[in-house]
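Quick one: sequence plus predicted model below, questions after.
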Amino acid sequence: MDAALLSVLIFFGVLVALLLWGVVTYNKLIRMRNRADALWAAIDVQLKRRHDLIPNLVHAVEGYATHERGTLDEVTDARTQAMQAKSVADQAKAENLLTGALSRLLANVEQYPQLKAEGDFQRLEQQLADLERVIAMSRDAYNLTVQAYNNNVMTIPTKVVAWFMSFEKLEYLVAADAERIVPEVDVELPAVPSSPLAG
């Protein structure tokens, strides 16, 4: 076999290997993006369930906590925004606002022991708490999938295929600001008398 034929065979062998690698990499990126989409769809189902619970929760609170009109309106408005959001980023932002409004409502409900003792309210509150746990776990799974996908989209050599096939980074779902704020505790301690030995 002469050198020219060997060079042509090596060239085509490398070309075929690169094409096969490109196809395998493309398929891997598609599977990861589809997994992220499926996880988002599962989160969306849970969010819709939460949206369905909120009117019942607001109605239950209205009967007892007439002074909470502003908070109830805030929850209702946040729910409307969350239901109208189109993109994942807009949905995440709207859901964070809704989570904050719900947190404020449930904190205010603590002032109404009759409402807290009401069976329907307890059932709604438990359903909401269960949904929040499921949403949090689903959000974690989604973010891990997004991280793996983004790592592949942003690192060489898969970045070449991602760029050539127009794969974009995906956005993470972040916790609401209300979940991240650490409450400030102001404890006033009595002054410690100075010791006669100090000095």
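Cool, got the structure.

Return the alpha-carbon coordinates of the helix or strand hosting residue 99 using PDB.
Here residue 99 is covered by helix 88-109, with elements defined by DSSP states H and E. Taking Å, rounded to 0.1, in the frame of the first residue of the first chain, the C-alpha atoms of helix 88-109 are listed here in PDB:
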ATOM      1  CA  VAL A  88     -39.400  29.300  32.400                       C
ATOM      2  CA  ALA A  89     -37.500  32.400  33.700                       C
ATOM      3  CA  ASP A  90     -40.700  34.400  33.900                       C
ATOM      4  CA  GLN A  91     -42.500  31.500  35.600                       C
ATOM      5  CA  ALA A  92     -39.700  31.100  38.100                       C
ATOM      6  CA  LYS A  93     -39.800  34.800  39.000                       C
ATOM      7  CA  ALA A  94     -43.600  34.800  39.300                       C
ATOM      8  CA  GLU A  95     -43.600  31.700  41.400                       C
ATOM      9  CA  ASN A  96     -41.000  33.200  43.700                       C
ATOM     10  CA  LEU A  97     -43.300  36.200  44.200                       C
ATOM     11  CA  LEU A  98     -46.200  33.900  44.900                       C
ATOM     12  CA  THR A  99     -44.100  31.900  47.400                       C
ATOM     13  CA  GLY A 100     -43.300  35.100  49.300                       C
ATOM     14  CA  ALA A 101     -46.900  36.200  49.300                       C
ATOM     15  CA  LEU A 102     -48.000  32.800  50.600                       C
ATOM     16  CA  SER A 103     -45.300  32.900  53.300                       C
ATOM     17  CA  ARG A 104     -46.600  36.300  54.500                       C
ATOM     18  CA  LEU A 105     -50.200  35.100  54.500                       C
ATOM     19  CA  LEU A 106     -49.400  31.900  56.500                       C
ATOM     20  CA  ALA A 107     -47.300  34.000  59.000                       C
ATOM     21  CA  ASN A 108     -50.300  36.300  59.500                       C
ATOM     22  CA  VAL A 109     -52.600  33.400  60.000                       C
END
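
Just the CA trace of the helix or strand that it is followed by, in PDB.
Moving toward the C-terminus from helix 88-109, the next helix or strand (DSSP H and E) is helix 113-117. Extracted in PDB, the C-alpha atoms of helix 113-117 (Å, rounded to 0.1, in the frame of the first residue of the first chain):
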ATOM      1  CA  PRO A 113     -56.200  30.400  66.500                       C
ATOM      2  CA  GLN A 114     -59.800  29.600  65.400                       C
ATOM      3  CA  LEU A 115     -58.600  29.500  61.800                       C
ATOM      4  CA  LYS A 116     -55.600  27.400  62.700                       C
ATOM      5  CA  ALA A 117     -57.900  24.900  64.400                       C
END
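
other SSEs contacting helix 113-117?
helix 3-64 (3 or more C-beta pairs under 8 Å, 6 or more residues apart in numbering; DSSP states H and E). (Glycine included, C-beta is placed from N, CA and C.)

average pLDDT across the helix it packs on?
Averaged over helix 3-64, pLDDT sits at 90.

element containing the nearest residue to residue 33 once chain neighbours are set aside, please.
Excluding the flanking residues, the one nearest residue 33 by C-beta to C-beta, 6 or more residues apart in numbering is residue 149, at 6.1 Å. In this assignment (DSSP H and E), residue 149 forms part of helix 119-154.
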